[in-house]
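> This is the structure alone, sequence omitted:
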């Protein structure tokens, strides 16, 4: 049998020890922050009708045109694996009627894009994100940026930068598009192949191109805000004012537009050096989405977990150090001690104590090696001597001490709060 069968698909990864400990730690930290901001979790399906993404993201975006895993299922339905989290959440909220129009929800899970794998870019990747539904509000935009920044601070990610810009009002879009086409008409042939296509379909995406030639051409143009209404510029200024009051650092990037059509007003990205060409850890913005007869508006963000993991490991975080240590490990000599330890292990677990034991009847020396490998704080030994005396040999692996204790003392020691371990 080919060894290829045992490998994940190209651009996808298995998540296991020791890295999984870091993932679990990130998730628990994020969950705690979301609770402080009064956000509730929602879990939407990985598979959605393709129309959910066409109508939400815009059918001219690269995500919809080139990147979605899209196919026809056995029932003849046009479906896609979610390429991002917002569209599915909007579909869920639209189904809640008027009750969902002021929802504050967060999500976490895998997303899928059929891209060419590269450093920082996967075909299956994971995001944690949030959506705050409601009408345009510079204060809420600033609050959501502060929430995202708060999570990154809780995670201890260093060297992050917030880049901020605006997409303006919906009525600004055509004015900006026409101005870009006019300014670029004489240089169209110098644009990269993708941007020559974008010139007709979505000129705003040229601003976001990473090709050096295109970046130089766009840098010479006036900022897109110069083509927008005064209302749009004032809105961005108000967001800046709130961020300053909240002491959230940021810088204006006039080239930032983000890649999805649903954005209006505030857009932002959070970048970190050292991640290669794909240096964005996170991004977000205010949006307007129409699904069927439902019009939704809000502001939200997504954080790329793989990129955060890479950043933290580059800072020297050891995922193994985040593994949960068993409180106790039980070591047995003889059949009777083995059975008694199984009963003790179940009793301890039901009392909230993490513990384990070797179930293969190995030697005591081999069992002790396993206890050391597991990193247990305490080792409980039951051999012939302990069985005869009715006591338990208790080894404190951190202190290097050993004593014989009775059952009440054993339970008192092992059932102490875990933080004392």
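Yep, it's here. A quick note: this is a predicted structure, and the numbers were derived from the prediction, not measured.
> what stretches of the protein score poorly on pLDDT?
For the chain, applying pLDDT under 70 flags the ranges 1-2, 55-66, 117-120, 259, 275-278, 417-421.
> Pop the domain breakdown of it in here.
3-171+229-319, 324-420 (automatic domain parsing).
> Buried deepest among those domains, which one?
Ranked by mean neighbour count, those are led by domain 3-171+229-319 with a mean of 17 (mean count of other CB atoms under 10 Å). From N, CA and C alone the C-beta is placed, and that goes for glycine too.
> in what helix or strand does the closest residue to residue 242 other than its chain neighbours lie?
Nearest in space to residue 242, with sequence neighbours left out and distances taken as CB to CB, 6 or more residues apart in numbering, is residue 142 at 3.4 Å. Under the criterion of DSSP states H and E, residue 142 resides in helix 138-155.
> Mind giving me the packing neighbours of that helix?
helix 19-36, strand 124-133, strand 160-166, helix 230-245, strand 263-272, strand 280-291, strand 294-304, helix 305-314 (3 or more CB pairs under 8 Å, 6 or more residues apart in numbering; DSSP states H and E).
> got the angle between it and helix 305-314?
Relative orientation of helix 138-155 versus helix 305-314 (axes from the mean of the first three to the mean of the last three CA atoms, to 10 degrees): 40 degrees.
> How about residues contacting helix 138-155?
The contact list for helix 138-155 (CB atoms under 8 Å, 6 or more residues apart in numbering) reads 26, 29-30, 32-34, 37, 39, 128, 130, 132, 134, 160, 162, 164, 235, 238-239, 241-243, 246, 248, 250, 265-266, 268, 270, 281-282, 284, 286, 299-301, 303, 308, 312.
> cool, and stretch 68-82?
For stretch 68-82, contacts defined as CB under 8 Å, 6+ apart pick out 44-53, 83, 88, 111-114.
> Could you list which of those residues belong to helices?
50-53, 88 (DSSP state H).
> could these be laid out in JSON lines, adding distance to residue 293?
Converted to JSON lines, the ones in helices among the contacts of stretch 68-82 look like this (distance: CB to CB, whole Å):
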{"residue": "50", "distance to residue 293": "19"}
{"residue": "51", "distance to residue 293": "14"}
{"residue": "52", "distance to residue 293": "15"}
{"residue": "53", "distance to residue 293": "18"}
{"residue": "88", "distance to residue 293": "18"}
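> Next one: the residue nearest to residue 242 from residue 235, what distance?
Distance of residue 142 to residue 235, given as CB to CB, to the nearest Å: 11 Å.
> same check, this time on residue 360
66 Å.
> What of residue 95?
In terms of CB to CB, residue 95 sits 30 Å off from residue 235.
> Could you do residue 145 as well?
When residue 145 is compared with residue 235 (using CB to CB), they lie 14 Å apart.
> same question, residue 364
For residue 364, the distance to residue 235 - CB to CB - is 71 Å.
> How about residue 215?
Distance from residue 215 to residue 235, counting by CB to CB: 27 Å.
> cool, and residue 87?
Taking CB to CB as the measure, residue 87 falls 24 Å from residue 235.
> can you check residue 82 too?
Going from residue 82 to residue 235 by CB to CB gives 30 Å.
> Residue 317 reaches residue 22, doesn't it?
Yes: between residue 317 and residue 22 a contact is recorded at 6.7 Å, counting by CB atoms under 8 Å.
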